[in-house]
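Visitor: I need the structure of the sequence given here:
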Amino acid sequence: MKLGKLAVALATAGVAFAASADITVGVTVSATGPAASLGIPEKNTIALLPTTMGGQKVNYIVLDDASDTTTAVKNVRKLISENKVDVIIGSTITPNSLAMIDIVAEAETPTISMAASARIVDPANPKTKWMFKTPQNDQQMATAIAAHMANAGVKTVAFIGFNDAYGEGWYQEFTKYADTYKLKIVANERYSRADTSVTGQVLKIVAAKPDAVLIAGSGTPAALPQVALKERGFAGKYYQTHGIANNDFLRVGGKNVEGTLLPAGPILVAAQLPDSNPIKKSSLAYIAKYEAAHGKGSISTFGGHAWDAGMLLQNAVPAALKKAQPGTKEFRAALRDALEATKGLVGVHGVFNMTPGDHLGFDQRARVMVRIENGTWKLDK
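Guide: Residues are numbered from 1 along each chain as shown. Alright, predicted model coming up:
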């Protein structure tokens, strides 16, 4: 009889222990290397995310992948095999995030990327079932650029982008919309994130005499072609991608990036948005929290991608906890399903409405056109 009571007590204790298991979030960000200006605000934002969700304690394990694909893969393997994480946030850049897909699919671990390429959540690839993302897709932004160019009277465009998945993805998407808006691409050049000179590429672009140049880079390395083009006297229009939307780009580019046009998440110009915009309130709240920790003017759109990842988890975790407990395969599957079912969640970059075929779920409210004016970001109306 005593043994029976003991068994019941132990079983009850086991259930209580399982019910109180912590949620473990693994994070890999590019806090050093060429993408550091993107990864640092993301890392800073992870520290601001809630330490409880759905009544459960949340532990964050943050690793730096140094903007390197191989390191990102090692980080993810470690987080899954050694730290037994329930979910992963990362990585910062497209090449790293694409390299993670096979690993998280095999381990059936939901992952929220902070990189832009639509390939990360391509529904035609069954392995992306476990991948979600918070930045706007490159095709959403490419459409905005092509439309703006056409309205501004641009006829010919030169393209220069990173010689990796980010640059290639942008070229493929922009090419589609260039045809739609009758824009002729007269040059197509590439460079490395770590390059210190693009003289050869710039000479070819200047010789092509385009009306505008589209630079498909991110972070501070995206300033290199524009500075070089300015030095060579190119006086046409300059367009960049949403990969430059942080103050480090303004600092590095200085007067050479004045007048640049880019599509960006609404958070970049949150205070300039009309009060009717549903994203304004959410963005201003995050900005206040971030700047309280890191100083006025320290906000970055890239930190916003990490904040939105946290909001997605806060929304999904309570539903997942109704089906399973953290630390189990069943919880990871339930969390994946809950993320996919996200509806009407207002983030700082857009409103999330996900489906099995769309693991981002943004509409056109997730983008605005912005102009660099007097060293600041101005809503282009």
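Visitor: who's the spatially closest residue to Ile205 that is not a sequence neighbour bridged to?
Guide: With sequence-adjacent residues excluded and distances taken as C-beta to C-beta, 6 or more residues apart in numbering, Ile205 is closest to Ala158, at 4.4 Å. Placement of C-beta: from N, CA and C, glycine included. Beta-bridge partners for Ala158, by DSSP bridges, are Ala187, Val213.
Visitor: Pretty sure Ala158 sits against Ile215.
Guide: No - in this structure Ala158 lies outside contact range of Ile215 using C-beta atoms under 8 Å: 9.4 Å.
Visitor: the more surrounded of those two?
Guide: Ile215 (31 against 27; other C-beta atoms under 10 Å).
Visitor: separation between the more buried one and Ala142?
Guide: 13 Å (C-beta to C-beta, to the nearest Å).
Visitor: follow-up on the earlier one: quick one: contacts for the residue nearest to Ile205?
Guide: Contacts for Ala158 (C-beta atoms under 8 Å, 6 or more residues apart in numbering) come out as Ile185, Val186, Ala187, Asn188, Glu189, Ile205, Ala208, Pro210, Ala212, Val213, Leu214.
Visitor: who wins for most neighbours among those residues?
Guide: Within the contacts of Ala158, most neighbours by other C-beta under 10 Å means Leu214, with 28 neighbours.
Visitor: List phi and psi for the residue lying closest to it once chain neighbours are set aside.
Guide: Spatial nearest neighbour of Leu214, excluding adjacent residues (C-beta to C-beta, 6+ apart): Tyr239 at 4.6 Å. Main-chain torsions, Tyr239, degrees, to the nearest 10: phi -120, psi 140.
Visitor: Tyr239: how many residues sit nearby?
Guide: 26.
Visitor: hang on, it packs against Leu262?
Guide: Yes - between Tyr239 and Leu262 there is a contact at 6.5 Å, judged by C-beta under 8 Å.
Visitor: Show me what counts as buried in the longest helix seen in the chain.
Guide: Counting by DSSP state H, the longest helix found in the chain is helix 301-321. The neighbour-count check on helix 301-321 (16 or more other C-beta atoms under 10 Å) flags 301-317, 319-321 as buried.
Visitor: So which residues of the stretch 1-150 of the chain form helices?
Guide: Remark: helices assigned in the stretch 1-150 of the chain by DSSP state H, counting those that start in this stretch are 2-19, 36-46, 69-81, 94-107, 138-151.
Visitor: For Asp102, grab the count of nearby residues.
Guide: 12.
Visitor: ok, it - contacts?
Guide: By C-beta under 8 Å, 6+ apart, the contact set of Asp102 is Lys127.
Visitor: how close does it get to Gly153?
Guide: Distance, Asp102 to Gly153, using C-beta to C-beta: 45 Å.
Visitor: before we move on, back to that, so what secondary structure elements neighbour the longest helix of the chain?
Guide: strand 23-29, helix 36-46, strand 52-53, strand 87-90, strand 111-113, helix 278-294, helix 329-340, strand 345-346 (3 or more C-beta pairs under 8 Å, 6 or more residues apart in numbering; DSSP states H and E).
Visitor: can I get the CA coordinates of stretch 262-269 in PDB?
Guide: Output of stretch 262-269 as PDB, limited to C-alpha atoms (Å, rounded to 0.1, in the frame of the first residue of the first chain):
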ATOM      1  CA  LEU A 262      14.500  52.700 -50.600                       C
ATOM      2  CA  PRO A 263      11.500  50.600 -49.500                       C
ATOM      3  CA  ALA A 264      11.500  50.000 -45.800                       C
ATOM      4  CA  GLY A 265       9.400  48.600 -43.000                       C
ATOM      5  CA  PRO A 266       7.100  51.300 -41.500                       C
ATOM      6  CA  ILE A 267       9.100  51.300 -38.200                       C
ATOM      7  CA  LEU A 268      11.900  53.300 -39.900                       C
ATOM      8  CA  VAL A 269       9.600  56.300 -40.100                       C
END
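Visitor: starting at the chain centroid, how far to that stretch?
Guide: Centroid separation between stretch 262-269 and its chain, computed with C-alpha atoms, centre = their mean, to the nearest Å, is 13 Å.
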